[in-house]
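**Student:** The amino acid sequence is not available; the structure is as follows:
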């Protein structure tokens, strides 16, 4: 009978059910940490050796989760890569249905040109770009620059929904000018204000840059409100903001959630499990991160992944090599909007009734 | 037969259809202008004579459209009043289902305490407060202060949906302190950023103040973008922003839309008709306003109403008594969200294909 | 000062607040009952005397709430009328933004032609027609026929959002044919099934007839389920179904909710208060209805209004003149969707925690 | 450098971009056909040999796409299996987040008990069951029965969102009774009617059975309307209905769309490409199916898969072994709701402007 199954391209449920239908998500991915120092070093080597141009499109080097067969998938749904651009280099224009963002942990001087709108990139900035927008990069300085790209490439790869198109080979001179604020920020970057003339049919946020000064101020405000007795934080000593589409208040991209979390020195977060996976990058400070049974000491720039339903806890503490007394700031992105849209999300905070 | 109708409390359609079912809205309200100077003078008189306290609740004096039978209704759906508070006075706490806002055309020094969160009021600020939030006012200065209240009192009066409750007779000392930013602004006033811990089930915006500095900058940006060739304005020389709920991008209140329009000196807006009515206050500059067959020269503080489906056009020009060279800034509020929610809204721009 | 107010068209809040901002809705309307027998008699008189044609448009005679100044308003938001069509008569085609429906308490033989789709009308049928659809009526039989029209005329009159257009003076011969089911029912009248090719952008339901056989069966099923111990009813002995738009599950019209309630002989419903008003018609059975302080014995065809926030309770019992042993069936329509869309709805069931 | 990448678990984009970011979806899955006769024969063998019980849970045998590495995945997101139950057998109760349905191509006599509500299964019936509802099966007859199960197992497996729980080992005697209609149908199976008392917070449809008599009538109606000149079909000779949640009109399950298509004898459908994949089963009739470069002659019960963005066209024609003159009826399920929720869906009809 089983030979009959095989020849007819059939597989019985009863031999597979334990793997396919576990009591809770048991991720094929594993927790893993990549050191920023090492990443940047390899990216700089690539900067010397590998040109950027049409075909390869980007000098991006992706995190490959050790348990995902050598594929460039940080988690089963998320792509995370370091991208590196040499002085004066351009990365050519293209567009794709994959939703994308950039996050800058150090350096400045690159502009991303989205829909012909040049967007400056500086430390702490979050720069989303919803699917099917033409975009290119341009390094206007005399220094190389590195940053993090996040995309839903693995999700669209496994669900098979991706389209791609080349754009112009060269951006225009007008797009090489370097305004302090992009046009998108001038239209959409005012708190609670909507341009009456704007239409917002396309998926994803019309705001192309979320600047660190605003993020930092929001986190500082939350912690001060907590101190004054008014709440506002996720838990004591733990502030968090989510980047949202100002036109509708939802996640900044249809498939990707992005947040910054600040944990004050000495505080430890309650372990949280969630449906779906996350990638974190340490933006500032240092501390200890525990994912499932694994713990790491982390410092600026380090990246780690949290597989689906694995508990994550973070402690903020002085690192061995630094002397700062500040908080631990973590940039996070996840695939949560996918599960919320499909009513599949679950969230559990251990040791509390919080959910 | 008609006597039978009358005795049985019946009315035939055929005698009433012209009034009840016109080809397009023919408002019972008429266009009308109130001069700010006169309003403030009468409010100041009331400040001397009429105390503020429990029962009367507020020293507010409402615009009564001349065609609405002496009722305090600026339009069939909207209430607009000047409110006046003497130095050191408090207006007692209460709450109601009527959605409300304050807009400040001059002065500063009053705090509105919404849900125990003190919110400073200054020229140009827009301060919404969704229904059923406890609120009080407190004049912390040695000067009287006047501002504009807008509510949906007539709408809730005719649709019979209003509830009301008294709050505390006195606010606490802690609520008399005068922070520069309210707690609501510290949580929700950062562009595109949502506090992860916040829940937003209640109707209406969680942001209690929209500051003039942001509004002004957004309008300035739109006009600069237009000048640079990128659009962003409603029409040439006419910028406009809408106040929105940052948690979902919709109108700031479920029944009230609020916007600021800036018309550059010399520009004239195309006549627009809309389902539903609006109240405008001149925030700055001067010019000529035409509503249907009526025209007025307007200057700072003046208020006027635009009844349903009457065409409105605005020209920005130097006033007889001023020498400023700036734009005409108009604050506007309307009942548009009601009609959009019920799929009854129509909008027509004369002489163009814009709609 | 008060003279100053008057001459400047101003009204102070402090003299009006009790009326404008009551603790809860205190309707200007009063509970009232109209006897079907009397209505039909007067409608039949009108049938003899008043022609139907362009201008008057419909031979409809509206309930005028005794406390609403002689206007043809059953409640501040709702219109309810008896319409009467003589054998062979047509009511000419027109359209309007007012949302409308027909409900048939007795007789058959009239077709309403909506968007050139002829819809048969029979006892127990509910026939909605969303705003801005062309429609006409045609009596294909040798008998006069009467039915009930419900519209949001008062709501659109006070909010001033109404548009109206004449259609053709005559419907075509093809529209005079009399299919058992309308085209709308053949496309949309299959439970849980959507035509893949259909688009549903317009407001309101695409289904033009809700037949009594389905309504009756659904009510019967609910009561049987309750009897079997599985719930499904509103409360013991009280079943209720709501007519909904099959394309999205919401109320059948953007401004009007329509339901049928069945109360088994001997049962009494808990008093319920709601924001907004309702009109009821007894479809079958008899009993006692209590609205606020008023009680009536009611029987088939009788109509009564429930003003906003007045408690309603119904007892099903044998009438003085009938011998049936069945349930009391009540058709109800209300303005609830308006308040739900605007987040103004409240609902209170007395003596229970049900809400 | 590449060795450095490898040791640091990094993969460059430039070597992978062709695979990861193609110009349009190039599915790893291939078109494939499974013959019903063969499936049923192997399932019957399993009925003799493999018991049904706790642990294995179901006697289900899944289609394994030949290009998906031997995994029981019909497509990258969809599971399709034949399930087989011997006379008197029970499949034990459990629940899981995977959304599921059953479709019956032949036979009758099994009840699926969902949330303790027994649901009869007969030829042509579609029986959805949203995630996290307890369910069991019970064969009440003296005949074995086979049917098709569809689930989103592969999607939840790759996105890692699945939870699972055992229920009771035995259903109660009350659940073995065999009503003609389930309780869900008695509450929710009336066209356009919503039980007023029902709450519908859970994802997925509350209606547990969509009976063939309704589906067949809806398809017949569409073709008759087309014949009468009124449209209603997808294209000439091609009718289609979608199973929807009566509480909100959306797809019956958050991740799965289900439809029945009828193609009249002699008609051929225009080739359609869509983001995402589908599985079809021939319910009745015969014809030729073309997916990409592959064509098959199909007849009752045959199953085939359409990978993402592969064009599908269907011709209805008399089969070699049958003499019926009827239409080709195809049951289809797909993952379209995933892509629509995430704004990733695209749809292209070749040779037309239809989209």
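**Tutor:** That came through fine. Source: prediction; values computed, not measured. Numbers count the residues shown, from 1 in each chain, chains lettered A, B, ... in the order given.

**Student:** Got the phi and psi for the residue in the stretch 151-300 of chain A positioned nearest to chain C?
**Tutor:** For the stretch 151-300 of chain A and chain C, the shortest gap (CB to the nearest CB) falls at residue A:201, measuring 14.3 Å. Placement of C-beta: from N, CA and C, glycine included. When read as degrees, to the nearest 10, the backbone of residue A:201 gives phi -80, psi -30.

**Student:** Looking at it now. What's its pLDDT?
**Tutor:** Per-residue confidence (pLDDT) for residue A:201: 83.

**Student:** and what of residue A:350?
**Tutor:** You'll see residue A:350 listed with a pLDDT of 86.

**Student:** Same check on the one 4 residues further on?
**Tutor:** Per-residue confidence for residue A:354 comes out at a pLDDT of 53.

**Student:** Kindly report the same for residue A:175.
**Tutor:** For residue A:175, pLDDT reads 89.

**Student:** What spatial separation is found between it and chain D?
**Tutor:** 23 Å (CB to the nearest CB, to the nearest Å).

**Student:** and the closest residue in space to that residue that isn't next to it in sequence, which of the three is it?
**Tutor:** Nearest non-adjacent residue to residue A:175, counting by CB to CB, 6 or more residues apart in numbering or on different chains: residue A:113, 4.8 Å away. Counting by DSSP: H, G, I helix; E, B strand; the rest coil, the backbone at residue A:113 sits in strand.

**Student:** Quick check: bridge partners of residue A:113?
**Tutor:** Using DSSP bridges, the bridge partners assigned to residue A:113 are residue A:118, residue A:136.

**Student:** Break down the stretch 151-300 of chain A into its helices, ranges please.
**Tutor:** Per DSSP state H, counting those that start in this stretch, the stretch 151-300 of chain A carries helices over the ranges A:153-159, A:183-188, A:212-227.

**Student:** Indicate whether the first one makes contact with chain D.
**Tutor:** Spelled out, that is helix A:153-159. Yes: judged by CB under 8 Å from any CB of the partner chain, helix A:153-159 comes into contact with chain D at A:153, A:155, A:156, A:157, A:158, A:159.

**Student:** ok, the third one - how many residues close by?
**Tutor:** As a burial measure, the neighbour count of residue A:156 was computed by other CB atoms under 10 Å in any protein chain shown and equals 27.

**Student:** I'd say residue A:294 and residue A:31 touch.
**Tutor:** Yes: contact criterion CB atoms under 8 Å: residue A:294 and residue A:31 qualify, at 4.5 Å.

**Student:** ok, the two, which is more surrounded?
**Tutor:** Applying other CB under 10 Å to residue A:294 and residue A:31 shows that residue A:31 carries more neighbours, namely 22 against 13.

**Student:** Pretty sure that one sits against residue A:291.
**Tutor:** Yes: counting by CB under 8 Å, residue A:291 is a contact partner of residue A:31 at 3.8 Å.

**Student:** what residues are shared contacts of the two?
**Tutor:** A:304, A:305, A:306, A:307, A:310 (CB atoms under 8 Å, 6 or more residues apart in numbering or on different chains).

**Student:** Closest one of those residues to chain D?
**Tutor:** residue A:307 (7.3 Å).

**Student:** ok, the closest one touching residue A:24?
**Tutor:** No: if you go by CB under 8 Å, residue A:307 and residue A:24 don't touch, sitting 11.9 Å apart.

**Student:** got a markdown table for the shared contacts of residue A:31 and residue A:291, with distance to residue C:286 too?
**Tutor:** As requested, the shared contacts of residue A:31 and residue A:291 are exported to a markdown table (distance: CB to CB, whole Å):
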| residue | distance to residue C:286 |
| --- | --- |
| A:304 | 73 |
| A:305 | 71 |
| A:306 | 67 |
| A:307 | 67 |
| A:310 | 66 |
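
**Student:** of those residues, list those near chain D.
**Tutor:** residue A:307.

**Student:** Narrow the shared contacts of residue A:31 and residue A:291 to those in strands?
**Tutor:** If you go by DSSP state E, the shared contacts of residue A:31 and residue A:291 have A:304, A:305, A:306 in strands.

**Student:** Just put those residues in CSV and tack on neighbour count.
**Tutor:** Formatted as CSV, those follow (neighbours: other CB atoms under 10 Å in any protein chain shown):
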residue, neighbour count
A:304, 22
A:305, 25
A:306, 26
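
**Student:** interface residues of the stretch 201-350 of chain A facing chain D?
**Tutor:** Checking the stretch 201-350 of chain A against chain D by CB under 8 Å from any CB, the hits are A:203-204, A:254-255, A:275-277, A:307-309, A:335, A:337-339, A:341-346.

**Student:** Narrow those residues to those in strands?
**Tutor:** Among these, no member is found in strands (DSSP E).

**Student:** Whichever of those end up buried, select them in PyMOL.
**Tutor:** To isolate the buried ones among those in PyMOL, judged by 16 or more other CB atoms under 10 Å in any protein chain shown, type:
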select buried, chain A and resi 203+204+254+255+275+276+277+307+308+309+335+337+338+339+341+342+343+344+345+346
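
**Student:** Could you measure from the closest residue to chain D within the stretch 51-200 of chain A over to residue A:48?
**Tutor:** Closest approach between the stretch 51-200 of chain A and chain D, counting by CB to the nearest CB: residue A:56, at 3.2 Å. Residue A:56 sits 15 Å away from residue A:48, taking CB to CB, to the nearest Å as the criterion.

**Student:** When the two are compared, which one has more neighbours?
**Tutor:** A direct count of neighbours by other CB under 10 Å for residue A:56 and residue A:48 places residue A:56 higher, at 19 against 9.

**Student:** what's the pLDDT at the nearest residue to residue A:152 once chain neighbours are set aside?
**Tutor:** Computed as CB to CB, 6+ apart, the closest residue to residue A:152 that is not its neighbour in sequence is residue A:255, at 4.3 Å. Per-residue pLDDT puts residue A:255 at 98.
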